[in-house]
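>>> Whatever this is, show me its structure:
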Amino acid sequence: MGFYGKRKSVSRATSPDVVQKAFIALWCLTVIWCEVGFFHLSLKDCRWPEKHLKVTSKRFSHILVVSDTQIKNPAIAPSWTSSFFAAFERLLFDLHLKKSWHFAMHFKPHHIIFLGDMMASGRRAVSDEEYATYYETFTKMFPKPSTETTVHYLPGNNDVGLNMDPIEAQHARRRFTKHFGPLDQTVDIQNHTLVLLDASRIIEESYRRARKTRHREVSSNGTMNFVKSVQPGDKAHPVILFTHVPLFRPDSAACGPLRESGTIRRGAGNNYQSTIGKDVSAFLLEHLHPTIILSGDDRDYCEFVHHRSGLPPIREVTVKSFSEARGIRRPGFQLLTVFQPSPALATTHLDMPCFLPNEHGIYYAVYLPLALVTVILLLICNIRQPRRYQASTIEDESTLNGSEGSLPLLSPLMLSPNLPTSIQLNVRSPMPNSGTKFYSASHARLTPRTLSPLPSPLASPRSAALNIEDEDYDELYPTQYATRRDDRPPIFLTGVPPEFQRFQQESRVATPLSAKFPGPDRLLPRVTHRRAASTNYTWSFVFGGRRRRIAIPILTREQVWGWCRHSAFFASDLVKGRRVGGANLARDMLMDCLSVFLAASLTWSAICWWFLG
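Here you go, the predicted model:
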């Protein structure tokens, strides 16, 4: 492949149509990878912990621990007309939850435990019907993977409230118990006692005890009495504590390297408290003797070891939020494996955190930069290589020369660098040869054609073939023939449309071009036998031991006026929506961008339908 072949292939590869199709394919693949592939990539190293340690025991159960799903209440959904961005944000939120649950179910757990705050505003439901609809939305968002899988729920402060109005709290707890199950419960799995604690109620009971008020009807069936009814854990029957609110720890306690920022500090406010009180935390540790504690509510991951006199160190894991939360880049969940207690095992449980991809980071770090690159490259391709070639409007200026076949003086056809392919330029090569050789100029290149001598004043016995592969040789203007007669311009047209047939016939009977075609002859600089100094500004100097000269041509008034009119034609084309050599730039850009982004949107919509449908 020669230089022209390479240039032509590169030109085709960078044409707007090819670039548009390439971006369509790129966007579709990018959307599929970002919406689906990133989940596989994030969870590729996440597996049940016994597989990392290669535990040989076959008597175990897999427990998936999920915290803070925080689904939105469909009864207070934002209006699409008044808050489009809020509705779109909720769509992205629900899509992330659905995809996260879909990939979490690939682990096929035996049991699933939700650590509270399943609903973002469950306590604010105004009626049983609204709460039932809310619960139905939750079950559709997080369906059970199989009938053999058991699911257990803990109440969170957003589910049943914390220090709220007693009547509203009573309704919230009643609705929670009706749909999700008991507020406090124990579950036996592989000879382990799993204690599921109502942290909100035990915090409220501690406040009442501190105020020394009497609420016998509440405290008699409260969480404190429930904890007292649970047998302390031992080696034969270990206890695992699940609570929505983390236990007390010093403010300076670190949370380990897996936490994104900060630590868990003591704090309380309207309907929340960051940790359970110090006295209640000590009571839970000393009475239950848990081997491990799993908590939620904080949204970020945290590991802390509790030390009590007379007890072994007790590790507490605060599970990361399953939903997207403010300040949390990567949500997550926890995998817990519980083994049947045996003297051969050093531990009866193993756990491992799993982190999901950063959805907001995908939109800001992938989609937005790719959209900017797409628009910029499509704009460059449409400017450099128009999709459709068409000549600018040629006005009828035949009255200039008083003949029908002559071209207008300042025709854009003569001035445009993109001549129509139906009009070829034959350039005489004044090299000696047996025949006269011409070069046809088109959009692509100059190709030699050997013609028989014609009775034309342009014919010369010295014409010969030129080596067009020589890059240093100018076929249109050889240096050894830099002068010519005034009435013999170096260019004439052949193969022109019918309206210029008479011009072609007359040129073959030795009619000078200057008589029939004065337009280009006026615009192009006329090279004569006069000294170059008369038509050029020259500057001579010595550089590198050799004498150099720079010549700047002096344009005539006709040439300046011609180029001004040509610029006016070009500007008029842009204003009217036409540009030389191409279609409307704005329209082409709009159609290209719409094609690319529509394909990406359809791909994204198909993924949404697959997960949400």
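
>>> Any stretches of the protein with poor pLDDT?
1-14, 52-57, 77-82, 212-220, 385-536, 567-584, 613 (pLDDT under 70).

>>> Tell me how it divides into domains.
Listed by automatic domain parsing, the domain ranges of the chain are 67-76+84-355, 398-581.

>>> Where do the helices of the stretch 501-613 of the chain begin and end?
Remark: helices assigned in the stretch 501-613 of the chain by DSSP state H, counting those that start in this stretch are 501-508, 513-516, 518-523, 557-575, 585-612.

>>> gap between residue 140 and residue 191?
Here residue 140 is placed at a distance of 35 Å from residue 191 (CB to CB, to the nearest Å). Where you see a C-beta, it was placed from the backbone N, CA and C, and this is true even at glycine.

>>> Revised request: answer the last question for residue 20.
On the measure of CB to CB, residue 20 and residue 191 end up 64 Å apart.

>>> Ok, residue 359 next?
Separation of residue 359 from residue 191 (CB to CB) stands at 40 Å.

>>> The two - which one has more neighbours?
Counting neighbours by other CB atoms under 10 Å for residue 359 and for residue 191 shows that residue 359 has the greater number, 22 against 15.

>>> what's the burial count for the closest residue to the more buried one other than its chain neighbours?
Spatially, and ignoring its direct neighbours in sequence, residue 359 is nearest to residue 96 (5.0 Å; CB to CB, 6 or more residues apart in numbering). Residues lying near residue 96 (other CB under 10 Å) number 21.

>>> in stretch 357-370, what's buried?
357, 358, 359, 362, 367, 370 (16 or more other CB atoms under 10 Å).

>>> Actually, stretch 368-378.
370, 374, 375, 377, 378.

>>> Could you list which of those residues belong to strands?
If you go by DSSP state E, these have nothing in strands.

>>> Distance to residue 350 added to those, as JSON lines?
Listed next are the buried residues of stretch 368-378 as JSON lines, based on distance: CB to CB, whole Å:
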{"residue": "370", "distance to residue 350": "41"}
{"residue": "374", "distance to residue 350": "47"}
{"residue": "375", "distance to residue 350": "50"}
{"residue": "377", "distance to residue 350": "50"}
{"residue": "378", "distance to residue 350": "53"}
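
>>> Now do the end-to-end distance for stretch 324-339.
With CA to CA, to the nearest Å as the measure, stretch 324-339 spans 32 Å from end to end.

>>> So that it lines up with my notes, have the first residue be 59 from now on.
Sure thing, new numbering starts at 59, so read that last one as stretch 382-397.

>>> Please, where are all the helices along the stretch 59-208 of the chain?
Applying DSSP H, counting those that start in this stretch to the stretch 59-208 of the chain gives helices spanning 61-71, 74-90, 96-100, 107-111, 142-162, 186-199.

>>> How many residues are close by the residue lying closest to residue 215 once chain neighbours are set aside?
Computed as CB to CB, 6+ apart, the closest residue to residue 215 that is not its neighbour in sequence is residue 258, at 5.1 Å. By other CB under 10 Å, 32 other residues sit near residue 258.

>>> Residue 258 is in what secondary structure piece?
helix 257-269 (DSSP states H and E).

>>> circling back to that earlier point, got a markdown table for the helices of the stretch 59-208 of the chain, with distance to residue 208 too?
Formatted as a markdown table, the helices of the stretch 59-208 of the chain follow (distance: least, CB to CB, whole Å):
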| stretch | distance to residue 208 |
| --- | --- |
| helix 61-71 | 59 |
| helix 74-90 | 34 |
| helix 96-100 | 25 |
| helix 107-111 | 20 |
| helix 142-162 | 16 |
| helix 186-199 | 15 |
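
>>> For residue 647, find the nearest of those.
Among the helices of the stretch 59-208 of the chain, the nearest to residue 647 by CB to CB is helix 74-90 (9.2 Å).

>>> what's the angle between the closest one and helix 643-670?
Angle between the axes of helix 74-90 and helix 643-670 is 20 degrees (criterion: axes from the mean of the first three to the mean of the last three CA atoms, to 10 degrees).

>>> and helix 74-90, which residues are buried?
74, 77, 78, 81, 82, 84, 85, 86, 88, 89.

>>> ok, now how distant is residue 233 from residue 221?
Look at residue 233 and residue 221: by CB to CB, they are 18 Å apart.

>>> These two: which is more packed in?
residue 233 (22 against 16).

>>> did I read that right, the more buried one in a helix?
Yes: under DSSP: H, G, I helix; E, B strand; the rest coil, residue 233 falls within a helix.

>>> With adjacent residues omitted, what lies nearest to it?
residue 189 (4.6 Å).

>>> any idea how far that neighbour lies from residue 180?
Per CB to CB, residue 189 is found 7 Å from residue 180.

>>> got any residues that touch both of these two?
Taking CB atoms under 8 Å, 6 or more residues apart in numbering as the criterion, residue 189 and residue 180 both touch residue 233.
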